[in-house]
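Undergrad: next one to model:
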Amino acid sequence: MFEDMNWRPITAELLGTFFLVFFGVTSFVSMSGNEMLLEGAITLGLTLAVLVHILGPVSGCHLNPVITIPTFLSGKMKQDETIAYIVAQIIGATLGFVLFKELKPESGASDIDVLIIALVGTTFFVASLLTSQDPSSIGATLFVVSITAFGDVNPGVSLGNMIALAIDNEANWAFYGIIGSLIGCFLGYGIKDNIIDN
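TA: Numbers count the residues shown, from 1 in each chain. Model prediction:
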């Protein structure tokens, strides 16, 4: 079982489901009021659109057992691959919900929370932008990262803001966002280079 398995598509399913939950699903379920629900629905839809665009060629971007199961039943997937996809989807979704819950962005973020939020946002941002130069995908990625309050993906801007805030002795928060963005930059490149392009 699982012999000669190509792990790239399974890893893409895990990462894709993680990003779908972390950015899309949580933004939809955590917002209330008609305008906020509309923003959540748009964020969810755009997150899925970006993931289909960048991960579709790698795994088909199922991100959902109800897509994987009929694909298997139609004879387009092997049993081992189907099981691995579903397990990866469940792990990715669980990680997305757990991390989002632990960060509690609505209750004020600690320094470590800022670092992790910037890391995840930048990883998604860099993997997407290095994969596609399609303006609609770039715009959707920027919307998703910004609307979910994870917009700290540009350490140059963050550093400029930190220097400006240093005048008022309020610069500490930006440091963690810069570090998270720089780590996310390398992770995003790693995903692009080893999972999407390999």
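Undergrad: what comes up buried for the helix or strand of the chain with the lowest mean pLDDT?
TA: Least confident helix or strand of the chain, by mean pLDDT, DSSP states H and E, is helix 155-166 with a mean of 72. Within helix 155-166, the residues that qualify as buried by neighbour count (16 or more other C-beta atoms under 10 Å) are 155, 158-159, 161-162. Backbone N, C-alpha and C define where each C-beta goes, glycine included.
Undergrad: packing partners of it?
TA: helix 172-191 (3 or more C-beta pairs under 8 Å, 6 or more residues apart in numbering; DSSP states H and E).
Undergrad: the helix it packs on to helix 155-166, inter-axis angle?
TA: 170 degrees (axes from the mean of the first three to the mean of the last three C-alpha atoms, to 10 degrees).
Undergrad: please save the CA atoms from the least confident helix or strand of the chain in CSV.
TA: C-alpha atoms of helix 155-166 as CSV (Å, rounded to 0.1, in the frame of the first residue of the first chain):
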residue,chain,number,x,y,z
PRO,A,155,8.7,43.6,5.0
GLY,A,156,9.9,46.7,3.1
VAL,A,157,6.6,48.5,3.9
SER,A,158,6.6,47.1,7.4
LEU,A,159,10.2,48.3,8.0
GLY,A,160,9.3,51.7,6.7
ASN,A,161,6.3,51.8,9.0
MET,A,162,8.4,50.5,11.9
ILE,A,163,10.9,53.3,11.4
ALA,A,164,8.1,55.9,11.3
LEU,A,165,6.6,54.4,14.5
ALA,A,166,10.0,54.3,16.2
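Undergrad: residues contacting L55?
TA: Shown in contact with L55 (C-beta atoms under 8 Å, 6 or more residues apart in numbering): 12-13, 15-16, 61, 196.
Undergrad: for it, phi and psi?
TA: Torsion angles at L55 (phi, psi; degrees, to the nearest 10) stand at phi -100, psi -10.
Undergrad: same check, this time on E81
TA: Here is the backbone geometry of E81 (degrees, to the nearest 10): phi -60, psi -40.
Undergrad: pull the number of nearby residues for it.
TA: 19 (other C-beta atoms under 10 Å).
Undergrad: one more: N6?
TA: Neighbourhood size, N6 [other C-beta under 10 Å]: 11.
Undergrad: could you do P57 as well?
TA: For P57, the number of neighbouring residues by other C-beta under 10 Å comes to 14.
Undergrad: over to L99?
TA: 16.
Undergrad: how near is it to V66?
TA: 24 Å (C-beta to C-beta, to the nearest Å).
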